[in-house]
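**Q** I'll drop the sequence and a predicted model, then ask my questions.
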Amino acid sequence: MQAVNEIKALLLEELDHIVKTSAHLIRKISPDHWDYRPQPSMRSLLELVEHLVSVPSSDLLILQESSEPAIRKLEADIAEDNDKEALIAWMVSGMDQVRKYMEELPEEEFLHKKTKPFYLEHGSVQAKWLIEITTHAQHHRAQMFTYMKTLGYEINMFDLY
């Protein structure tokens, strides 16, 4: 089933692109703006970046059925880093882990092996998890982009492609 591997490769390529463009945007952020929060009920820019960079590794832990305390520890470890390059390194490392995990999955497991997160009663197949990780990262990259546009950063759609 060469088509399955092609789809897997395309999703990993898209996730890798999201990581690279997110890193490009994060490098533009002034630390003076870390506390920016569009509304009181929303994350600050720093909290949003911390969440975005955690997506590949935390979602991988979730799909591997890790416990909630293990995911919270990862999030806390990431939150200790306010340095842009350290935060980017977390995301790149998570991407590498996702790539390794997904590439090592046999096609049958990629398509049919279900795993269940600690917060749901049902599981999802690994292919769907890869889609989820990709769309989750893309969603938060778009949020970050909007925060940055609101703050007046000179960015545009070409920063996303």
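**A** Perfect, thanks for sending it.
**Q** Could you pull up phi and psi at the residue nearest the centre of the chain?
**A** For the chain, Val55 is the residue whose C-alpha lies nearest the centre (CA atoms, centre = their mean; 2.9 Å). Backbone geometry at Val55, expressed as degrees, to the nearest 10, gives phi -50, psi -50.
**Q** Need the per-residue pLDDT for the residue nearest to it when sequence neighbours are not counted.
**A** The spatial neighbour of Val55 that comes closest, neighbours along the chain excluded (CB to CB, 6 or more residues apart in numbering), is Ala137 at 4.6 Å. The C-beta positions use only the backbone N, C-alpha and C, and glycine is treated the same way. We have a pLDDT of 98 for Ala137.
**Q** which residues touch whichever strand or helix holds Ala137?
**A** With elements taken from DSSP states H and E, the one containing Ala137 is helix 126-150. Identification of contacts with helix 126-150 by CB atoms under 8 Å, 6 or more residues apart in numbering yields 7-8, 11-12, 14-15, 18-19, 21-22, 25-26, 28-29, 36, 38, 45, 48-49, 51-52, 55-56, 59-60, 63, 98, 102, 105, 109-111, 113, 115, 124, 155, 159-160.
**Q** are any of those buried, and which?
**A** 7-8, 11-12, 14-15, 18-19, 21-22, 25-26, 29, 36, 45, 48-49, 51-52, 55-56, 59-60, 63, 98, 102, 105, 110-111, 113, 124, 155, 160 (16 or more other CB atoms under 10 Å).
**Q** Run through the residues that contact Gln97.
**A** Pro56, Ser57, Leu60.
**Q** Next one: the nearest residue to Ser22 once chain neighbours are set aside relative to His51, how far apart?
**A** Excluding its sequence neighbours, the residue lying closest to Ser22 (CB to CB, 6+ apart) is Arg141, at 4.9 Å. For Arg141, the distance to His51 (CB to CB, to the nearest Å) stands at 11 Å.
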